[in-house]
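> model this:
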Amino acid sequence: MALVLADRVKDTTTTSSTGTVTLSGTAPTGYQNFSVIGNGNTTYYTIAHQTANEWEVGIGTYTSSGTTLARTTVISSSNSNALVNFSAGTKDVFVTLPSSLVPTGASSLAVPQTLTST
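A predicted model of the protein is given here:
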């Protein structure tokens, strides 16, 4: 299992609660499907509710069977940096690079050595 980043990866989900989200499996026009992450690999993600003030940034594991994203580590969220109990409705799900990992000033980029880019 590798940590994989890819540009312009986006999908939607209507999953509610704090568990694994089921992706629609269809990327919007101009975006890549989550399948580019690879079955069993992890990625940085954002989930953002389209109509409610609910959002989450974390590390998740993509599974191609059932097209799911398991939310394994929350980095930041609208729920005091804990798992968000998403309400009903459509949420955007996309690959991101959390701002906490972007070097500023004298800090260094804290990206795992097993990072794979597609």
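> nearest spatial neighbour of Asn53, chain-adjacent residues omitted?
Ser78 (6.0 Å; Cβ to Cβ, 6 or more residues apart in numbering). For every residue, glycine as well, the C-beta is placed using N, CA and C.
> show me what contacts the one you found?
Contacts here follow Cβ atoms under 8 Å, 6 or more residues apart in numbering; on that basis Ser78 touches 53-56, 84.
> backbone phi and psi for it, please?
The phi/psi pair for Ser78 (degrees, to the nearest 10) reads phi -80, psi 0.
> pLDDT value on it, please?
With respect to pLDDT, Ser78 has a value of 98.
> what about Trp55, distance to Val84?
According to Cβ to Cβ, to the nearest Å, Trp55 stands 7 Å off from Val84.
> higher neighbour count, the two?
Neighbours were tallied for Trp55 and for Val84 using other Cβ atoms under 10 Å; the higher tally belongs to Val84 (23 against 17).
> helix or strand for Thr15, which one?
Secondary structure from DSSP states H and E places Thr15 outside every helix and strand.
> my read: Lys91 touches Ile47, true?
Yes: judged on Cβ atoms under 8 Å, Lys91 makes contact with Ile47 at a distance of 5.2 Å.
> overlap in contacts of those two?
Shared contacts of Lys91 and Ile47 (Cβ under 8 Å, 6+ apart): 13, 21.
> gap between stretch 48-62 and the chain center?
On the basis of Cα atoms, centre = their mean, to the nearest Å, stretch 48-62 sits 7 Å off its chain's mean C-alpha point.
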